[in-house]
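In: structural data only, the sequence is not supplied:
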């Protein structure tokens, strides 16, 4: 473990510098997370060009959807243009409407809260766990028990009188949330669960893949994800009827009318182009290797940082999308960020907690507050986590 005392982070930075440039043999800047195009990416994209299937239909879109279902252990998947849009339509499909509240962890990428807002709803923030970066199921259960009335479609937040329409657990940095406990707490009040698995493709919760651990879930294939389509997302579910509705809604709610165009609802043009689907198909073929490489890198970080390393939860296997460490103070975090980036090692702070963002700062919170999220975000640093940089460790 790297020797470290509060207020002195140079030893940490020196050790990382040596690890990246001497031990791993990396040259130049070490980026936070970059794509690794090591398989059939060129061939599949060329096939889309050669066959003229470049838009939102064709064999690669269908292949991508089947691969998303397979990797999530789901019955069906629908290709979507990105993860935020996937979450938006998933929330709509479980009945989130304007004026509703949707329970959301205090730490997540802003896309989680944005998707809620796109429904005309607002996030209601519940804190993360004392040793995790994910939604605390005990605080969720206490909130639903002590601060809410009603059941199912009539579940209401007592303080505001507003309907609570869903809860969105997020697998932060690839580490699975405690879905069993979250599902039980939600079921006790008839609350829909929408699983935000944008960061956790390839992660396992109690031996089961993330993505289909609730009624509906979403994946992301952004450029910085473990598997990328350049952009891209997917809705995954074990409810085939829901998948059909999602496909319809995201294809501008177009209905079959021969050679005519007809539509039966206000739909969304959220279709994924075949070019992106082809790239994702090639990437998904390499997922197992990517995860092995990322887990090997995480093992080295864990050996270096000891208890300060943010490790996977018990009974889970994380893809370690972004490795993270917790320093002693915010001042140490800031010094670490400054020194590593000055030396060409691209580290990043945790996202600003969602309740601190100006568009969400007036949204309701559980009365237990968000202290753990504020503390964790002030001390957390994400480390370079690209699978290619760890390939030599396998």
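Out: Nice, I can see it. A quick note: this is a predicted structure, and the numbers were derived from the prediction, not measured.
In: nearest residue to residue 2 in space, please, no chain neighbours.
Out: Spatial nearest neighbour of residue 2, chain neighbours left out: residue 15 (4.8 Å); criterion: Cβ to Cβ, 6 or more residues apart in numbering. Just so you know, the C-beta spots here come from the backbone N, C-alpha and C atoms, and that holds for glycine as well.
In: I misspoke; the intended subject was residue 10.
Out: In space, and not counting its chain neighbours, residue 10 is closest to residue 339: 6.9 Å by Cβ to Cβ, 6+ apart.
In: and if you look at residue 370?
Out: Nearest to residue 370 is residue 106, by Cβ to Cβ, 6+ apart, at 4.0 Å.
In: so who does the one you found touch?
Out: 125, 126, 127, 128, 353, 354, 355, 365, 370, 372, 373, 374 (Cβ atoms under 8 Å, 6 or more residues apart in numbering).
In: and stretch 59-77, which residues are buried?
Out: Residues of stretch 59-77 classed as buried under the neighbour-count rule (16 or more other Cβ atoms under 10 Å) are 60-61, 63-65, 67-69, 71-72, 74, 76-77.
In: got a list of contacts for that stretch?
Out: 44, 47-48, 53, 78-79, 197, 201-202, 208-212, 217, 219, 229, 234-240, 242-243, 272, 274, 277-278, 280-281, 284, 287.
In: Provide a PyMOL selection command restricted to the buried entries of the residues you listed.
Out: Buried members of those, defined by 16+ other Cβ under 10 Å, are picked up in PyMOL with:
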select buried, resi 44+47+48+53+78+79+197+201+202+208+209+210+211+212+217+219+229+234+235+236+237+238+242+243+272+274+277+278+280+281+284+287
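In: narrow the contacts of stretch 59-77 to those in helices?
Out: 44, 47-48, 240, 242-243, 274, 277-278, 280-281, 284, 287 (DSSP state H).
In: closest to residue 90 out of the residues you listed?
Out: If you rank those by distance to residue 90 using Cβ to Cβ, residue 242 comes first, at 8.7 Å.
In: check contacts around the closest one.
Out: For residue 242, the contacting residues are 76, 93, 215, 216, by Cβ under 8 Å, 6+ apart.
In: kindly recompute the last result at 6 Å.
Out: residue 93 (Cβ atoms under 6 Å, 6 or more residues apart in numbering).
In: likewise for the one 10 residues further on?
Out: By Cβ under 6 Å, 6+ apart, residue 252 lies in contact with 267, 269.
In: ok, now with 7 Å
Out: Residues in contact with residue 252 (Cβ atoms under 7 Å, 6 or more residues apart in numbering) are 263, 267, 268, 269.
In: before we move on, what about residue 144?
Out: 185, 188, 189.
In: can you list these in a markdown table and add secondary structure?
Out: As requested, the contacts of residue 144 are exported to a markdown table (DSSP: H, G, I helix; E, B strand; the rest coil):
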| residue | secondary structure |
| --- | --- |
| 185 | helix |
| 188 | coil |
| 189 | coil |
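In: quick one: the strands in the stretch 51-200 of the chain, in order.
Out: Ranges of strands within the stretch 51-200 of the chain are 76-80, 101-105, 122-126, 148-149, 156-157, 164-167, 192-196, based on DSSP state E, counting those that start in this stretch.
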